[in-house]
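> Output the structure for:
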Amino acid sequence: TSASFSASTFNPFNIFNSMKQIVQTEGGLGSLFRGNLAATYLWIGYAAVQFSLYQRTSDYFTSYGQIDPAIHIPLVLPTPIQAMQPIIDKPTQIARRTLHEIGSNPTYTAFFSGASAGTAATLATYPFDICRTAFASQKTASQGQNSIGSFFSLAMRNNPRPIQTLFAGCGPAVLGIIPYMGLNFAIYDY
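Take a look at the predicted model:
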């Protein structure tokens, strides 16, 4: 629509007028719901991945919180590499201490578990977000794909780098989800 939605001229009836215009010019009542099925798959999949991984990740970090980080568990290495043992031990000890710090603090555990689970969920469901956006931006169904299957089929067939296409913009999404889900779970747990 060409209507301006600035705060000073906002009229709630403009929303209804816009919806009416979309229904009349962009393919009927269904045009108001373009992309909803992909969004539904996105959020169901996101929640399933996030909540199943959150508890597992939390248990993983907590298990390290119960181990004394000073204990050295020797690495089993082939004889030629044993000379490198001191080089390998230092990063291993740092990682063990870091995991102990995270696992021994419930707020840190919740933050890092939430951030990890949110990242995995974003990566697992991001192609549905691209699909939803593509559907929502179409003026009519005849402009592009009319099913999720056809969207993914065309994306895989017509692009020289289909995986890059389906994950375009994923980096910023992951960078945004890390503090968002980390703080979400940490504050809830606190």
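> What is the longest helix along the chain packed up against?
Determined from DSSP state H, the single longest helix within the chain is helix 106-137. Helices and strands touching helix 106-137, as assessed by 3 or more CB pairs under 8 Å, 6 or more residues apart in numbering; DSSP states H and E, comprise helix 36-65, helix 85-103, helix 148-158, helix 162-166, helix 170-189. Glycine gets a C-beta too; all of them are placed from N, C-alpha and C.
> For these, give me CSV that also has mean neighbour count, mean pLDDT and distance to Pro127.
Below are these laid out as CSV (neighbours: other CB atoms under 10 Å; pLDDT from 0 to 100; distance: least, CB to CB, whole Å):
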stretch, mean neighbour count, mean pLDDT, distance to Pro127
helix 36-65, 16, 90, 9
helix 85-103, 14, 76, 31
helix 148-158, 14, 81, 7
helix 162-166, 14, 86, 4
helix 170-189, 15, 94, 9
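> of all those, which lies closest to Ala110?
Distance to Ala110, taken as CB to CB, is lowest for helix 170-189 among the helices and strands packed on helix 106-137, at 3.6 Å.
> check contacts around the residue found closest to Thr62 once you drop the neighbours it is linked to in the chain.
Distances taken as CB to CB, 6 or more residues apart in numbering put Gly103 closest to Thr62, at 5.1 Å, once the chain neighbours are dropped. By CB atoms under 8 Å, 6 or more residues apart in numbering, the contact set of Gly103 is Phe61, Thr62, Ser63, Tyr64, Gly65, Gln66, Thr109.
> and with 10 Å instead?
Neighbour list for Gly103: 58-67, 69, 109, 112 [criterion: CB atoms under 10 Å, 6 or more residues apart in numbering].
> quick one, what contacts the residue nearest the centre of the chain?
Centroid check for the chain by CA atoms, centre = their mean gives Thr122 as the closest residue, at 1.5 Å. Thr122 makes contact with 42, 46, 49-50, 129, 170, 173-174, 176-178, 180-181, according to CB under 10 Å, 6+ apart.
> Serialize the contacts of Gly103 to a markdown table and add fields for distance to Asn14.
What follows is the contacts of Gly103, written out as a markdown table (distance: CB to CB, whole Å):
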| residue | distance to Asn14 |
| --- | --- |
| Ser58 | 46 |
| Asp59 | 51 |
| Tyr60 | 51 |
| Phe61 | 49 |
| Thr62 | 52 |
| Ser63 | 56 |
| Tyr64 | 55 |
| Gly65 | 55 |
| Gln66 | 59 |
| Ile67 | 61 |
| Pro69 | 60 |
| Thr109 | 47 |
| Phe112 | 45 |
